[in-house]
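> Sharing a model that was predicted from the sequence below.
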Amino acid sequence: RAKSTTELRLNQTVPEYTGTALRPDIVLRNEAAKTMVIADLAVTFEDHAARARHSSLQLSHDHKTLVYQPIVAEMRHKGWRSGYG
């Protein structure tokens, strides 16, 4: 049986990323296929008032997307298929 080339990294930096040393909760990467998915977990304990435009979960998602966007952009520039979810 062939050895899997997909690597699971937990709370570690992304080796190919040259920017700030961010440590996503979960990174799934396959170097041979040059694919990578970043996941960072969030638990919100409060939600905004009923009239709020966005939920706490949406605000958290937007913030984390902004934080990890530089990694995704650099990896795509280097030829990787990458995303945040």
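Yes, it's here. Residues are numbered from 1 along each chain as shown.

> residues near Val27, how many?
Around Val27 there are 24 other residues, counting by other CB atoms under 10 Å. No exception for glycine: its C-beta is placed from N, CA and C like everyone else's.

> got the contact list for it?
Shown in contact with Val27 (CB atoms under 8 Å, 6 or more residues apart in numbering): 8-9, 12, 14, 36-39.

> are any of those residues buried, and which?
9, 14, 36-38 (16 or more other CB atoms under 10 Å).

> Contacts only, for Ala32.
Applying CB under 8 Å, 6+ apart to Ala32 gives the contacts Thr5.

> returning to what we had before: need the buried ones among the contacts of Val27 in TSV with secondary structure, can you?
Converted to TSV, those look like this (DSSP: H, G, I helix; E, B strand; the rest coil):
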residue	secondary structure
Arg9	strand
Val14	coil
Met36	strand
Val37	strand
Ile38	strand
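
> and which of these is nearest Asp25?
When these are compared for distance to Asp25 (CB to CB), Ile38 comes out closest, at 8.6 Å.

> which residues pair with that closest one across the strands?
For Ile38, the beta-bridge partners are Val27, Tyr84 (DSSP bridges).

> pLDDT at it, what is it?
Ile38 carries a pLDDT value of 95.

> Please apply the same query to Glu31.
You'll see Glu31 listed with a pLDDT of 92.

> do you know how far it is from Ala21?
In this view, Glu31 and Ala21 are 20 Å apart by CB to CB, to the nearest Å.

> what does Ala42 give?
20 Å.

> higher neighbour count, those two?
Ala42 (12 against 8).

> Export the contacts of Val27 as CSV, with columns for distance to Ser55.
As requested, the contacts of Val27 are exported to CSV (distance: CB to CB, whole Å):
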residue, distance to Ser55
Leu8, 29
Arg9, 29
Gln12, 30
Val14, 28
Met36, 28
Val37, 24
Ile38, 22
Ala39, 19
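
> Greatest separation within those residues: which pair is it?
Gln12 and Val37 (14.3 Å).

> out of the contacts of Val27, who's nearest Ile71?
Among these, Val14 lies closest to Ile71 (CB to CB), at 5.6 Å.
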